[in-house]
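Chemist: let me see the structure of the following:
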Amino acid sequence: MTIRTRSIAHVVTAIMLIGNPLVLLADNHSVYELTPRLNIVAGDGEPSNDIPGIGLAIHRKISNEWYLGINIDHSPLFDFEDTAGLVDGLDEDGIVDADSSHTMITVVGERRYAMDSAGWTGFWNLGGGINEVDVDDVDGPLKGGGTYDIETDVDTELILVGAVPEDEAFAKVKSLSRSIDPRVRRNAVRALVLFEPRGAMRDLLDEALQDADPGVAETARRVDESLRAATAEKYFGIDLDS
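Modeler: Presented below is the predicted three-dimensional model:
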């Protein structure tokens, strides 16, 4: 049995928008930069939840203000949630998730501004690329006897990506969290994991926990739990998931 599904790439834009990469310079006069980074692809559980990944970017200086970047981002393992549940009429006996991975290649143009006395610089970038998703075959039992074996054929999508500094990113996330569309609010709440859980960010998460949409409130609860677990491990070495 083969099922076709869209790539997860269409949810990448919101996360890439708030990326704030660490730039490593070979020296002050180099025209090339190497940028390792972490990223999270937002997902609402259909077909996947939030997906962590790693990435590497190479920027080439074109002028004092403009850079050209090539980015490669990869998530080596995430779950394709309840694969058999997407097949109408298939009465599975227990939920089985398929192992998946994805690789995204993008090209961006980046505009930078003058560096301040503390060594910080403002920037924005915009570009596009492709995302290739691989999903393993999955099999499992059927109620009443028998088994199923599913092969997933995932489309490759063209995507739009961009990045802005963290303070501007938070303002954008805050704006999206007030959208009338609960799907937009859910993705905005997921993006809060990239900010320090204090001040305005904490207020926004508390507000989302009381959202009238159950899906938004549940997403906020999962984000809150993730942040608490990360804090406990960071400061006390305690793994709350164990």
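Chemist: hey, what's the residue nearest the centre of the chain bridged with?
Modeler: For the chain, the residue sitting closest to the mean C-alpha position, by CA atoms, centre = their mean, is residue 41 at 1.5 Å. Per DSSP bridges, residues listed as beta-bridge partners of residue 41: residue 51.
Chemist: what is the burial count for residue 53?
Modeler: Neighbour count for residue 53, taken as other CB atoms under 10 Å: 21. For glycine as for every other residue, the C-beta is placed from the backbone atoms N, C-alpha and C.
Chemist: and for residue 145?
Modeler: 7.
Chemist: got a pLDDT number for it?
Modeler: pLDDT recorded at residue 145 is 84.
Chemist: go on, residue 168?
Modeler: pLDDT, residue 168: 69.
Chemist: cool, and residue 15?
Modeler: Taking residue 15 on its own, its pLDDT is 36.
Chemist: thinking again about what came up before, looks like the residue nearest to the centre of the chain contacts residue 47 (just checking).
Modeler: No: if you go by CB atoms under 8 Å, residue 41 and residue 47 don't touch, sitting 11.9 Å apart.
Chemist: tell me where this protein is predicted with low confidence.
Modeler: 1-29, 42-46, 49, 115-121, 164-168, 194, 230-242 (pLDDT under 70).
Chemist: just the helices in it please.
Modeler: Using DSSP state H, the helices found in the chain span residues 12-16, 166-176, 182-190, 199-209, 214-236.
Chemist: run the angle between the fourth one and helix 182-190 for me.
Modeler: It stands for helix 199-209. Interaxial angle of helix 199-209 relative to helix 182-190 (axes from the mean of the first three to the mean of the last three CA atoms, to 10 degrees): 140 degrees.
Chemist: now helix 199-209: buried residues?
Modeler: Neighbour counts over helix 199-209 (16 or more other CB atoms under 10 Å) mark 201, 204, 205, 208, 209 as buried.
Chemist: just stretch 83-97 next, same as before
Modeler: 83, 84, 86, 90, 92, 96, 97.
Chemist: mind putting those in JSON lines, distance to residue 197 included?
Modeler: Shown next, in JSON lines, are the buried residues of stretch 83-97 (distance: CB to CB, whole Å):
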{"residue": "83", "distance to residue 197": "33"}
{"residue": "84", "distance to residue 197": "36"}
{"residue": "86", "distance to residue 197": "34"}
{"residue": "90", "distance to residue 197": "41"}
{"residue": "92", "distance to residue 197": "37"}
{"residue": "96", "distance to residue 197": "34"}
{"residue": "97", "distance to residue 197": "28"}
